[in-house]
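Q: Sharing a model that was predicted from the sequence below.
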Amino acid sequence: MSFVPADGDRAPCFADIHEAFGIQKYHLRPDRINWVCSDNASPAWPRGYPMNIAEPQKKKYLRACPLFEGLQNDVITRLASRAHGVFLPRGKVLFHQGDPSNGLYVVCSGLVRVSITDEEGHVLTLALPEIGTPLGELALVKPYPRSATVSALEDSLLLHLETTTMVELLDEKSALASHLIDFLSQRLRQSNDILHDLAFASLKQRLLHKLAELGCQHGELRKDVLDLRRKFSQNALAEMLGVTREAVNKQLKLLQKHGLIVMQDGIIQVQRPAEILRNFPES
């Protein structure tokens, strides 16, 4: 499928995509995209739609990724030349838990969810990665199947780097290999922190900390109030904490009663977030 400008001059924009695919709204920046969708794209393709992104914007996205932070310009330029843009509409799955690995993705815009599912269908949300977060970095160590499912909660834009591209650069650039080791070490520490919280923190503490974390990653701090800026359902919060919706509902009511959070048009505002993070049990 290809988008052809009606006037012969105008490049297709996100509105064209949304009209063609029946998508109702979008949150991305059409002024930063030069061309949308390639000839082999199809509305039936379930894993997102290819997008051509200008090289300077690719470099900006890559530099925002901690895996590539501080790398020399020639490495970033080479990565950008091999990176492919992917538009993932809300509700679409980028890859499923257990899928073969096909490289690394970088979150550029929107909101995606990383989750795992057990044999009975219970879902646990591992993360809602902030902009710049790499996804699928384990594939660079060994081509294991995907360890989690990544899906779009909002229309999202990502960069994709194939495994072969990354392996070639890892062989050539020791700085990139060092960055990867550091990042994987951080991920391991985060996993240890999650286990620590499950073992020693109360549900109230875990919920407060999760709300503060979501606010730091996706919200806005105004004076001493952390506005999450997005609506997170009780079911979504329950899936992040591995508990029932009813348990989250009870704790949210208690947090509101004690003045620790405020609900504004369905959006949670965390009061005194610095104090919450400071008092959270350390691992």
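A: Nice, thanks for sending it over.

Q: quick one: secondary structure of the residue nearest the centre of the chain?
A: Central residue of the chain (C-alpha atoms, centre = their mean): P129, 3.3 Å from the mean position. The assignment at P129 comes out as coil when based on DSSP: H, G, I helix; E, B strand; the rest coil.

Q: and it, what is it in contact with?
A: V107, V112, V114, L135, Q217 (C-beta atoms under 8 Å, 6 or more residues apart in numbering). C-betas here are computed from N, CA, C, even on glycine.

Q: Going along the chain, name the helices of the protein.
A: With DSSP state H, the ranges of helices along the chain come out as 14-21, 55-63, 73-82, 163-172, 174-200, 203-218, 234-241, 245-257, 273-279.

Q: what's the shortest one in contact with?
A: Contacts of helix 273-279 with the rest of the structure, by C-beta under 8 Å, 6+ apart, involve L208, H209, A212, G215, C216, L221, D224, V225, L226, L260, V270.

Q: Lowest pLDDT pick from the residues you listed?
A: For the contacts of helix 273-279, the weakest pLDDT value sits at D224, with 87.

Q: and the closest residue in space to it that isn't next to it in sequence, what are its phi and psi?
A: Closest residue to D224 apart from its sequence neighbours, by C-beta to C-beta, 6 or more residues apart in numbering: R272 at 5.5 Å. Main-chain dihedrals, R272, degrees, to the nearest 10: phi 50, psi 60.

Q: For R272, give its distance to R278.
A: Relative to R278, R272 is positioned 10 Å away (C-beta to C-beta, to the nearest Å).

Q: Settle it for me: which of these two has more neighbours?
A: A direct count of neighbours by other C-beta atoms under 10 Å for R272 and R278 places R272 higher, at 15 against 8.

Q: Please pull out the lowest mean pLDDT helix or strand from the chain.
A: strand 33-36 (a mean of 37; mean pLDDT, DSSP states H and E).

Q: residue contacts, the closest residue to P143 other than its chain neighbours?
A: Spatial nearest neighbour of P143, chain neighbours left out: S101 (5.0 Å); criterion: C-beta to C-beta, 6+ apart. Contact analysis of S101 by C-beta under 8 Å, 6+ apart lists G136, L138, A139, P143, Y144, P145, R146, T163.

Q: Closest one to I53 out of the residues you listed, please.
A: Checking the contacts of S101 against I53 with C-beta to C-beta, the nearest one is G136 at 18.9 Å.

Q: which residues touch that closest one?
A: When contacts are counted by C-beta under 8 Å, 6+ apart, G136 touches F95, S101, G103, L104, Y105, R146, V150.

Q: Per-residue pLDDT of the third one, please?
A: For G103, the pLDDT comes out at 91.

Q: coming back round to it: let's have the helices of the chain in TSV, adding distance to P89.
A: Output for the helices of the chain, formatted as TSV (distance: least, C-beta to C-beta, whole Å):
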stretch	distance to P89
helix 14-21	7
helix 55-63	19
helix 73-82	24
helix 163-172	25
helix 174-200	27
helix 203-218	19
helix 234-241	19
helix 245-257	26
helix 273-279	32
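
Q: sorry, back to before: list only those of the contacts of S101 flagged as buried.
A: Burial by neighbour count, 16 or more other C-beta atoms under 10 Å: within these this picks out G136, L138, A139, R146.

Q: which residues touch the closest residue to Q72 other than its chain neighbours?
A: Distances taken as C-beta to C-beta, 6+ apart place A175 nearest to Q72, at 7.4 Å, with adjacent residues excluded. Applying C-beta under 8 Å, 6+ apart, one finds that A175 lies in contact with G70, L71, Q72, V75.

Q: ok, of these, which come out buried?
A: L71, V75.

Q: Can you tell me which of the contacts of A175 is nearest E119?
A: For those, the closest approach to E119 (C-beta to C-beta) belongs to L71, at 41.1 Å.

Q: And the residue nearest to that closest one when sequence neighbours are not counted, what's its pLDDT?
A: Nearest residue to L71, sequence neighbours excluded (C-beta to C-beta, 6+ apart): A175, at 6.0 Å. pLDDT for A175: 82.
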